[in-house]
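Asker: The following block contains a protein sequence and its predicted model.
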Amino acid sequence: MAKWLDDAVFYEIYPQSFKDTNSDGIGDFGGIREKLDYIKELGCNAIWMNPCFESPFGDAGYDVSDYYQTAARYGTNDELKKLMDGVHDRGMHILLDLVPGHTSTAHKWFRESMKAEKNEYTDRYVWTDNIWEAPEGPGSLRGISDRDGSCLVSFFSHQPALNYGYYRPEKPWQQAMDAPGPRATMAELKNIMRFWLNAGCDGFRVDMAHSLVKGDEDGKGTIELWREIRAFLDKEFPEAAMVSEWGEPDKALAGGFHMDFLLHFGPSHYNDLFRCEEPYFSGWGKGDVSEFVRKYQENYEKTDGRGMICIPSGNHDMARLARTIHGNELKVAFAFLLSMPGAPFIYYGDEIGMRYVEGLTSVEGGYDRTGSRSPMQWDSSINAGFSLAGEETLYVPLDPDPGRPTVEGQMADPDSLYQEVKELIAFRQGHPALKNRGDIEFIYAEKNAYPFVYLRSAGDERVLVVLNPSGEPASFACEYLLSDKLRTFGGEATVKDGEATVPGGFYGFYRV
């Protein structure tokens, strides 16, 4: 078991946009290494880095063309090793982003699989046996080679799906999970993981972890697949952490993942909090947290303490937090994000309130996600301290607003979002009840109502968390005096005749 996950606070780095040290307009390993002390000082002790492997970058690196080689624009394998060493020297950990479900069409495996003559890669991907038959799924590639058949894709048309088999094969070309082709793919997946774990990474965040076995409506085959991976890791790399992009924690944890993300798609109601017409954490006070809590409780009970449900501030696939909530709303939102069970994940720049950049042309398959991938805003120097390259060569254009937030500016401001996030992380780490494996009980989470109240506990410590992002005072039935105040923001709570009232734009932590 990766015990280091018990108090992990993750920082997600999109390497293209974090820090450029060779003035080509694209971030690199050297830039990340340069900023490790910043990440540690913020309070994050773990990193999730988005894909850094060789790729034609039709999907920002999620279209891998060589799993064993880093992309030249970021640096060499040796430079990645130096970065990982730098992380470990600071007592931190790093997860690499693993994309096991598909490759780029530029991958040598796929080029070989297109050949009419049978070879060791013929069954590495999901192909039908007739050009006129398309596999069920998001799309297919056909008419691209002499091979008779159509190839399933995972999402974009340049991402052919790797073959892990079908849970219940129904057609001649659908191979069983234990067929030679799927078994060879599994063996190669283990080799890839073994290679990078030996190089120094501490585990993986796994892209589209739910999607590997086809025709697997209930996820049973995919769970079985990941259990095999878990057994392999337990034997060879017991401290390796596995985090899934699944969005159904009960299934991910059953498969042996340590934690699963709640996502902006799927059944979690995560969008109700931050990214909808009336976000719960908006000062308008018209949001609803009840459906989120109902689904969270359902998942929490299913996991039975076996793993962690993680709620990220955002990621490279979502609109930035600051697109829909602003100012003190962000501080109350982070009080929530940093007081829930599971490891927190902070997307680079969210700690300073970086904004979604509107109206950008798609970059590397980003489309409407491109506005969340703009360069990190370090200071007031050229290109906000991200790069010395010409503005026109930057990976994604900067936020053009001259008042854009910067690390430099917020570090100098004691009332900034950065300072609040930093203090909340330290506060979390100082209270076992608030850490990743502490229990949670929801006290008040009524439909279309404020505040939002829950109790965190671990051992003998119990901490009541009260959040009122709305702009108006709110009340709830309260059996506690709220006299042992640990930390508050936005005013003070009052308790009278068993009812607590808190101001608008408020959060409070109380030992009870």
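Answerer: The structure has been received and is ready for your questions.
Asker: For Ile26, give its distance to Ala384.
Answerer: Distance, Ile26 to Ala384, using CB to CB, to the nearest Å: 15 Å. All C-beta spots, glycine's among them, are computed from the backbone N, C-alpha and C.
Asker: and if you look at Asp218?
Answerer: 47 Å.
Asker: higher neighbour count, these two?
Answerer: Ala384 (22 against 9; other CB atoms under 10 Å).
Asker: can I assume that one sits in a helix?
Answerer: Yes. Assessed by DSSP: H, G, I helix; E, B strand; the rest coil, Ala384 belongs to a helix.
Asker: Just give the nearest non-adjacent residue to it, would you?
Answerer: Computed as CB to CB, 6 or more residues apart in numbering, the closest residue to Ala384 that is not its neighbour in sequence is Gln377, at 4.1 Å.
Asker: List the contacts of the one you found.
Answerer: Gln377 is in contact with Gly349, Ile352, Met354, Ala384, Gly385, Phe386, Leu398, Asp399, Arg404, Pro405, Thr406, Val407, counting by CB atoms under 8 Å, 6 or more residues apart in numbering.
Asker: Please save the CA atoms from the lengthiest helix in the chain in CSV.
Answerer: The single longest helix within the chain, with elements called by DSSP state H, is helix 180-199. Extracted C-alpha coordinates of helix 180-199, given in CSV (Å, rounded to 0.1, in the frame of the first residue of the first chain):
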residue,chain,number,x,y,z
PRO,A,180,-3.2,-14.0,-27.5
GLY,A,181,-3.7,-10.5,-28.9
PRO,A,182,-5.2,-9.0,-25.7
ARG,A,183,-2.7,-10.9,-23.5
ALA,A,184,0.2,-9.4,-25.5
THR,A,185,-1.3,-5.9,-25.0
MET,A,186,-1.5,-6.5,-21.3
ALA,A,187,2.1,-7.7,-21.1
GLU,A,188,3.2,-4.6,-22.9
LEU,A,189,1.2,-2.4,-20.5
LYS,A,190,3.0,-4.0,-17.6
ASN,A,191,6.3,-3.4,-19.4
ILE,A,192,5.6,0.3,-19.8
MET,A,193,4.7,0.7,-16.2
ARG,A,194,7.7,-1.3,-15.1
PHE,A,195,10.0,0.9,-17.2
TRP,A,196,8.8,4.2,-15.7
LEU,A,197,8.5,2.9,-12.1
ASN,A,198,12.1,1.7,-12.4
ALA,A,199,13.1,5.1,-13.7
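Asker: Pull out the buried residues from that helix.
Answerer: Gly181, Pro182, Arg183, Thr185, Met186, Leu189, Ile192, Met193, Trp196, Leu197 (16 or more other CB atoms under 10 Å).
Asker: quick one: the helix or strand just after that helix to chain centroid distance?
Answerer: As assigned by DSSP states H and E, the chain's next helix or strand after helix 180-199 is strand 203-206. Between the centre of strand 203-206 and the centre of its chain there are 10 Å (CA atoms, centre = their mean, to the nearest Å).
Asker: Point out the other helices and strands that strand 203-206 packs with.
Answerer: For strand 203-206, the elements it packs on are strand 93-98, helix 180-199, strand 241-244, judged by 3 or more CB pairs under 8 Å, 6 or more residues apart in numbering; DSSP states H and E.
Asker: Go through those and name the closest to Ala319.
Answerer: Set against Ala319 and scored by CB to CB, those come closest in strand 93-98, at 20.2 Å.
Asker: would you put the C-alpha positions of the following helix or strand past that closest one in PDB?
Answerer: Using DSSP H and E, the helix or strand that follows strand 93-98 in sequence is helix 108-113. C-alpha atoms of helix 108-113 as PDB (Å, rounded to 0.1, in the frame of the first residue of the first chain):
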ATOM      1  CA  LYS A 108       5.000   1.900 -34.800                       C
ATOM      2  CA  TRP A 109       2.600  -0.700 -33.400                       C
ATOM      3  CA  PHE A 110      -0.300   0.700 -35.500                       C
ATOM      4  CA  ARG A 111       1.800   1.100 -38.600                       C
ATOM      5  CA  GLU A 112       2.600  -2.600 -38.400                       C
ATOM      6  CA  SER A 113      -1.000  -3.500 -37.600                       C
END
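Asker: Show the average pLDDT along helix 108-113.
Answerer: The average of the pLDDT scores along helix 108-113 is 98.
Asker: How about residues contacting that helix?
Answerer: Contacts for helix 108-113 (CB under 8 Å, 6+ apart): 65-66, 103-104, 119-125, 127, 147, 151, 160.
Asker: 6 Å - rerun?
Answerer: With CB atoms under 6 Å, 6 or more residues apart in numbering as the test, helix 108-113 has contacts from Thr103, Asn119, Tyr121, Thr122, Arg124, Tyr125, Pro160.
Asker: Buried residues of that helix, list them for me.
Answerer: Buried-residue list, helix 108-113, by 16+ other CB under 10 Å: Trp109, Phe110, Ser113.
Asker: Now do it: distance to the chain's middle.
Answerer: That offset, for helix 108-113, works out to 30 Å (CA atoms, centre = their mean).
Asker: Then stretch 504-512?
Answerer: The answer for stretch 504-512 is 27 Å, by CA atoms, centre = their mean.
Asker: quick one: contacts of it?
Answerer: Contacts for stretch 504-512 (CB under 6 Å, 6+ apart): 328, 332, 335, 462-468, 470-473, 480, 482, 484-491, 493.
Asker: tell me which element the residue nearest to Ala199 when sequence neighbours are not counted is part of?
Answerer: Of all residues not flanking Ala199 in the chain, Lys81 sits nearest, at 5.7 Å (CB to CB, 6+ apart). If you go by DSSP H and E, Lys81 is part of helix 77-89.
Asker: Closest to the centroid, which residue in this protein?
Answerer: The centroid of the chain falls nearest to Asn315 when counting by CA atoms, centre = their mean (5.5 Å).
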